[in-house]
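J.: next input, structure requested:
(4 chains)
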Amino acid sequence: MSTIPRFSRRRFLSVAAQTTALAAVASPLYLRPDRARAADGLAQGMTGGPTGFAGAERYQYGPDTPEGRAIEAAKALKATGKAPERIVLGLSDGSIGQITQPFPEGAPSVKELWEAETGIILDIVGVPNGQEFTKVMQDVSTNGGGFDIYAVEWNRLGDLAETGGIVALDDFVATHKPEWDDPERGYVNGEQGVSLLNGYRGSVYGVSLDGDFQTWNHRTDLFGNADEQKAFADQYGYDLAPPTTWKQHDEIAAFFHRPDQGLFGSTDLRNQGWGYTNWYQRYVSMASPNQFLFADDGTALINSEAGWAATQEYVDSLSHHSPDAISWGWPEQYGNFGNGSAAMTCAFSNLPKFLDNPGNEGSKVTGKVGTHLPPGREHADGNARRTVLWLNLTACVSSQSDHPEAAYLLLQWLGSSRIYSWMTANPGGYFDPFQLANFADPLVRETYHAYHMDVVRESVRRTVPTINYPGATAFHNALDENLMAALTGGMSAEQAMANTERQWQRIARRVGEDKLIDAIKANKAAWPTLMDPIAS
Amino acid sequence: MQRSLSFEIFRYTAIALFLALSLIPTAWMLSMAFKPIAEWQSSGVDLTWWPNNPTLDNFRFIFGHSSSDLIVALDRTAGRPILASLLSASFGTAIAMTAGTAAAYGLSRFGFGGNLPLALIQLRLFPPMAVMIPVMIMWAFLGLIDTWWGLALIYGIVTLPFAFWLMKTFFDDMPREIEDAALVEGCSRWRVFLRVTLPMMRPALASSALFVFILNWSDYLIALLLTTRDWVTIPVYMASLSSSMTGQLYGAKAALGLIAAVPPVIMGIAIQKQLVRGLTFGALKE
Amino acid sequence: MTEIVMENLGKDFGDFTALAGMNLTIGDGEFVALLGPSGCGKSTTMNMIAGMLDPSHGEIRFDGRPMNGVPMARRGVGFVFQNYAIFTHMSVRENLAYGLRAQGVGRSEITRRVAEIAELLQLTPMLDRRAAGLSVNILQRLAIGRSAVVEPAIFLLDEPLSNVDAAFRAVMRSELKSLQRQFRQTMVYVTHDQLEAMTMADRIAVMDHGRLLQVGTPLEVYNHPADTFVARFIGAPGMNLLSGQVVSSDSGTQVDLGAAGRSGPVMAAQGGDVLFGFRPEEVQPDPAGPLAMQVSMVERIGARTILHLVTQGHEAKAVLDSETPTPGQGEVFRFSIPAASVRLFDAKTERAL
Amino acid sequence: MTDMTSPMPHARTDAPDAEGREERRLGFWLTLPAQLLVLFIALFPILMQIYISLTDWSPLDGIPWYRAYELWIGLLNYADLAGDPRFWSALWRTGLVMAICVPVQVLLGLGLAILFVDDFRGKRVLYSTILVPMMVVPAVAGYMFFMLFQSGGPINDLLSMISGQRVTIAWLSDPDLALFAVIVSDIWQWTPLMFLILLAGMVSVPQDQQMAAVLLGASWGRRFRTIVLPRMKTIIIIAVAIRVIENFKVFDNFYIMTGGGPGVATETISIYIYKVTQQELIWGYVAAIALAILIVLSVVSMLAIRKMRKA
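T.: Below you'll find the model as predicted:
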């Protein structure tokens, strides 16, 4: 594999794709089978989409939609023999259900619909959770060629793009117009949201299939209990309610922390690879509107009063966690919350969908889950309530794929608001809502709960992106390692930050500071400026 | 030799104490495998030691029968990983045993391959993790990634040292007179090896093969790095048994763990006697 | 220097009776050989004397003290194992000192006694050699020395010569005998080789199938076997036993051996069917002898010649010294047996008459 | 893997005739597959590791490994390695785990073997039961131990029952306790194998020598010390060697139980390399680590073998 031939092959393919796409539109022949099917349950003017259930028309599309264009272009490729027999999609195990299980009653599955409309088989390969990037790197570095599409954590996009393992999708985007920034239906924050989730250094490298904005949950039964309210007010001098500041959060968590009764105050994660999402939240709210990680010139800002204080708070907060917090991953966290053993937690936006779910017989918290905006810190100009975007599956097209355009078309179809709303409403997997259309969709609101959906939308507006520059993995690992040392008492908060800073400097040199500064700026542009009013 | 009563009491007490501790994890696995989801909770005040409502749901579940909607239906059942484990471990064992036995005989009888004892010890001593990058690249080049035969090949190589050392001690122990007698009868060396030596070595082969098989069967790390989808093995597959509904699917993991213990147990019972003899590594020669 | 008394001693392993009602007294300083084929109960007897096995019934007494239940370490028994059980990972000196150390004897005392025994057994030059790789006769001496150094009252030897090749056995036998004379301890020697028993033992106890058949000096056992088993087992080749009938005639009592003829006069206490026994060595070629058998094979072994004789229904062997002219194969050999050498056995009970 | 200086088998020269030729041919062909497998797994990986260890190659750079020379950095990786506290601490920790696990496993195995060396009622059943952990796949054991060691898990539950008060030790979240927990799982998994090997050795200690010692008045302890142990020396060395070799590479149950955490509290050398390989992706550096380990191990194993040959 060498850069030059790969580059030219990619060019060649995209040019070829444009030609065939045009040819397809011009020829009515290819549209005929679709017309025939359209009579069967599709709403007036629709050319495709799911059928067979009430409200299906919301997810159907006409020819002039991203979904419609994707399907037509795919069929055109197929007709000219330029489409593959099958597209292989590598995906976290837990997400597969949303594509393969029919939802709701009477509907086809997403996979069935795609295959019926395009004739291209969708072959989904499960990857164990947490191993997504490992598997992708294996495929990239060994030229395994096992996948057409990788689904990886969002902030690995930069690293992956640098490997040359994924292709830039700009040409396809230009040709097929996914309309991700549609102000009504598209990504939150429009163009800027798109570039945050799908872009790297000015090019599109991925298609977001997730909305992992870390969202806060609490137990309404505990917060609404009159005895608890009284006891709390007596002790702390203010009313028990979902916290608006970190101080309140820590006090409420301490109040509810009763391990001998099987109840923990708060169970947001503290393990490796996850714990720092909470550190992030505490750190970035240290200044108004944001406490940045890096200055514009690439200097790390964490080894500072703000960094030390956030780290100290973070370490102290262990006192209202499960004693096992450091070794828990999200499966333990979800299991514990579902078992009614936590008063608050911060998780993917899908927690209520899974645990406040009458179908989940194992859950003891059905009907008792509430959600709230992230706690914040009060500054002169308001309360900086911040949360982070972490993990977030984003699909990329492998540069080893022989049919990158077909792969892209699948992603455009999957990742556009109609199909995505339909898919995310399916309770069978991890794809979470993130587009404006998703939040408003009745089916999604049913699955994710209306009470939650608005909080998620508002949390998105207060979300800080985690590091997505090249070297993201190394940056996070260094931070992680030192925070963990602080958590386990091996290091003071100051030492941890000083150490992190030193390691970050090394990583920055390795990555190349010019690249980094570009990426930091792009990343910063996506940081929220919204400040909440300070409660009196 | 007669032992005193107090010794007998001590013996049974000590063994009982050891077993009481050493059976906890196994008992827990057994218990988890038959617990319904409601009792999976491994932590907290409502811990259940023994299933209150024993069920086979966990076993049904990993073979694709979702007993209730609350568990995400499995897109891949345990059948294929079990097959992958069986194929890769068995053929890996076959490779190690074939090459190891032949080489052990060659060295023991004809003095060939004097470099092998040390080379193989070093091979075994070296952490596989440290060579996984070049191995991944080689395997990818040879098209062996995510194939059971690719896995079998690396298993065969990493357990070759054990096969070699075990068989070598057996050959060293074996009296040459029998072979010599056959040679005098006019058999070729090769024929003697196949028709006389190997049949005599059957118990040794069986115990060595079991040992090598267990090593291969237990592997997690190598399969983790060399398989991706079609041929993931049991331990790798097991890692994917988790869901947002219930957290880790511990019951399913335990059920699969129980199934994974079946082949070694069956083989172990089949050749219990030889196993003990086989593991002395020829150290008891005078 | 202890008297061993076994009274009605028996051992059962489940349904199998290894030893049944053994009564034997071994005198102080006596060398008794327990002789018999494998499985006859001789090792069981010895293991019970040593205390490795508990008797099923009966009693063992050392100098009148009952030994049942006394652990073997406290019986004061020296044991020489079939393969000597030398601690091959130790030096000769360590082997010799082992028992003394185990019994907590003082260091200087150990040195002295080890030197003494080594001198006695001519082991002094190899005291610091590792025991592994020593020759068999040294191992034997070492085994004896290791036991002797703790001065046991009784020595038990379990077929110590069975692993030694034939040529060397004679040497070892005489060595063993002279050692016994030096130590003058009570020794019980287990063997299946009648030659060893004959040459070394003061008395021989012949056993078979868990029963004691006969006890006596080697000559008694040789000359007056109590039954046909002993008769056949002792001597090489064993006693000839031809079935015949006691007949009385003018020339006195004779045994009619059918085709082989009629024996010379014998002293017989009873008539009827008997087994006519005589040692091959007692055969006297006699052209006018009363007995005649056909020579089926002639074995010449140095100083002696063994004739294999057959006649319808009878087989016998004759040992002649090689000076004596012998008939060729297929010829008829006439011979006589001196009356004093004839032993008669009851044909049914096979006991001596 | 380094002893590749004589990949061609050296033939025996004392068999000059036709039979000798046949033997040489057979000896050659018999050892060939093993030689080829060793060569196959050693040659390319070693050469490649040497090459990329001199570069700053990472799969993130988007160039294939053979073009790693573009990122040539000489011996910098090795210099980094010498000053990498995480590497040294992982190495030290691996040694510590070994220093605890191996003696405990061997002693427990020896103790059990003593109890099992002669016959007693129920021996067969108890013997088989002791071997059960051997049959459990280490990765599975990892999950079981993860559950067992939860702060509200079965082990604390047991301790609560025994002590009479609620025990909530956070085994896996405390650096020292987590190390203890993974060591327990390792001891659990491998003691049966040690038992099996040592029992086989103990059974083969000649019975008559022990008898002889008894008759000479030796106590049990003296017999064990002077007869049984010296006889078992070789097999004990082999048992220790097997555990040292396998323990050095320990990964499965450790990784599943703690992922090497909390922090780096249970990070062994294999887990460290795994993390550097999979998360930091600095593969040139990984190659340097691998070679450093290879060199150390080669020297150690050669010394050990030489010493064993002498003994």
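J.: what's the distance between the residue in chain C that chain A sits nearest to and C:Y98?
T.: Closest approach between chain C and chain A, counting by Cβ to the nearest Cβ: C:H89, at 49.5 Å. In this view, the C-beta of every residue, glycine as well, is placed from N, C-alpha and C. Distance, C:H89 to C:Y98, by Cβ to Cβ, to the nearest Å: 12 Å.
J.: which one of the two has more residues nearby?
T.: Ranked by neighbour count (other Cβ atoms under 10 Å in any protein chain shown), C:H89 and C:Y98 place C:Y98 first, with 25 against 18.
J.: assess the claim that that one and C:V92 are in contact.
T.: No - here C:Y98 does not reach C:V92: they are 10.8 Å apart, not a contact under Cβ atoms under 8 Å.
J.: so for stretch B:261-276, mean pLDDT?
T.: Stretch B:261-276 carries an average pLDDT of 81.
J.: what's next to it, contact-wise?
T.: B:86, B:89, B:203-204, B:206-207, B:210-211, B:213-214, B:217, D:128, D:131, D:134-137, D:140, D:196, D:199-200, D:203 (Cβ atoms under 8 Å, 6 or more residues apart in numbering or on different chains).
J.: can you say which of the residues you listed are buried?
T.: Neighbour counting by 16 or more other Cβ atoms under 10 Å in any protein chain shown classes B:89, B:204, B:206-207, B:210-211, B:213-214, B:217, D:131, D:134-137, D:140, D:196, D:199-200, D:203 among the contacts of stretch B:261-276 as buried.
J.: rewinding a little: filter the contacts of stretch B:261-276 down to the ones in helices?
T.: B:86, B:89, B:203-204, B:206-207, B:210-211, B:213-214, B:217, D:128, D:134-135, D:140, D:196, D:199-200, D:203 (DSSP state H).
J.: now, which of the residues you listed lie close to chain C?
T.: Among the ones in helices among the contacts of stretch B:261-276, proximity to chain C is found for none (Cβ under 8 Å from any Cβ of the partner chain).
J.: so which residue is dead centre in chain C?
T.: In chain C, the residue lying closest to the centroid (Cα atoms, centre = their mean) is C:A197, at 3.2 Å.
J.: let's see the helix or strand where it lies as CSV, backbone CA atoms only.
T.: C:A197 belongs to helix C:194-200 when elements are defined using DSSP states H and E. Only the C-alpha atoms of helix C:194-200 are listed here, as CSV (Å, rounded to 0.1, in the frame of the first residue of the first chain):
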residue,chain,number,x,y,z
GLN,C,194,17.0,-73.0,46.9
LEU,C,195,20.7,-72.8,46.3
GLU,C,196,21.1,-69.6,48.3
ALA,C,197,19.0,-71.0,51.1
MET,C,198,21.0,-74.2,51.1
THR,C,199,24.4,-72.6,51.1
MET,C,200,23.8,-69.9,53.7
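J.: tell me which other helices or strands that helix touches.
T.: Using 3 or more Cβ pairs under 8 Å, 6 or more residues apart in numbering or on different chains; DSSP states H and E, the elements in contact with helix C:194-200 are strand C:31-35, helix C:166-183, strand C:186-191, helix C:218-223.
J.: contacts for it?
T.: Residues from elsewhere that reach helix C:194-200, judged by Cβ under 8 Å, 6+ apart: C:31, C:33, C:35, C:161, C:169, C:173, C:176-177, C:180, C:189, C:191, C:204, C:218, C:222, C:233-236.
J.: if you average pLDDT over it, what comes out?
T.: 87.
J.: so what's the gap between whichever helix or strand comes after it and the chain middle?
T.: As assigned by DSSP H and E, the chain's next helix or strand after helix C:194-200 is strand C:203-208. Centroid separation for strand C:203-208 versus its chain: 6 Å, with Cα atoms, centre = their mean, to the nearest Å.
J.: thinking again about what came up before, which of the helices and strands packed on helix C:194-200 comes out lowest on mean pLDDT?
T.: Across those, the lowest-scoring stretch is helix C:166-183, with a mean of 80.
J.: okay, buried residues for it please.
T.: Of the residues in helix C:166-183, C:169, C:172-173, C:175-176, C:179-180, C:183 count as buried by neighbour count, 16+ other Cβ under 10 Å.
J.: quick check: residues of the stretch 151-300 of chain D near chain C?
T.: By Cβ under 8 Å from any Cβ, the residues of the stretch 151-300 of chain D that approach chain C are D:206, D:208-209, D:211-219, D:222, D:226-227, D:230-231.
J.: which of these are close to chain B?
T.: Of those, the ones that also sit near chain B (Cβ under 8 Å from any Cβ) are D:211, D:214, D:231.
J.: give me the neighbour count for the closest residue to chain B within chain A.
T.: Nearest residue of chain A to chain B (Cβ to the nearest Cβ) works out as A:G335 at 2.7 Å. For A:G335, the count of nearby residues is 28 (other Cβ under 10 Å).
J.: that one reaches B:Q248, doesn't it?
T.: Yes - if you go by Cβ under 8 Å, A:G335 and B:Q248 touch, sitting 6.9 Å apart.
J.: and the helices and strands packed on helix C:194-200 as JSON lines, adding distance to chain B?
T.: Converted to JSON lines, the helices and strands packed on helix C:194-200 look like this (distance: least, Cβ to the nearest Cβ, whole Å):
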{"stretch": "strand C:31-35", "distance to chain B": "22"}
{"stretch": "helix C:166-183", "distance to chain B": "21"}
{"stretch": "strand C:186-191", "distance to chain B": "20"}
{"stretch": "helix C:218-223", "distance to chain B": "35"}
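J.: which of these sits closest to C:R300?
T.: helix C:166-183 (19.0 Å; Cβ to Cβ).
J.: hmm, who's touching the closest one?
T.: Here helix C:166-183 makes contact (Cβ under 8 Å, 6+ apart) with C:31, C:120-121, C:136-137, C:140-141, C:144, C:148, C:155, C:157, C:160-161, C:164, C:187, C:196, C:199-200.
J.: now, which of these lie within strands?
T.: In this view, these that belong to strands under DSSP state E are C:31, C:155, C:157, C:187.
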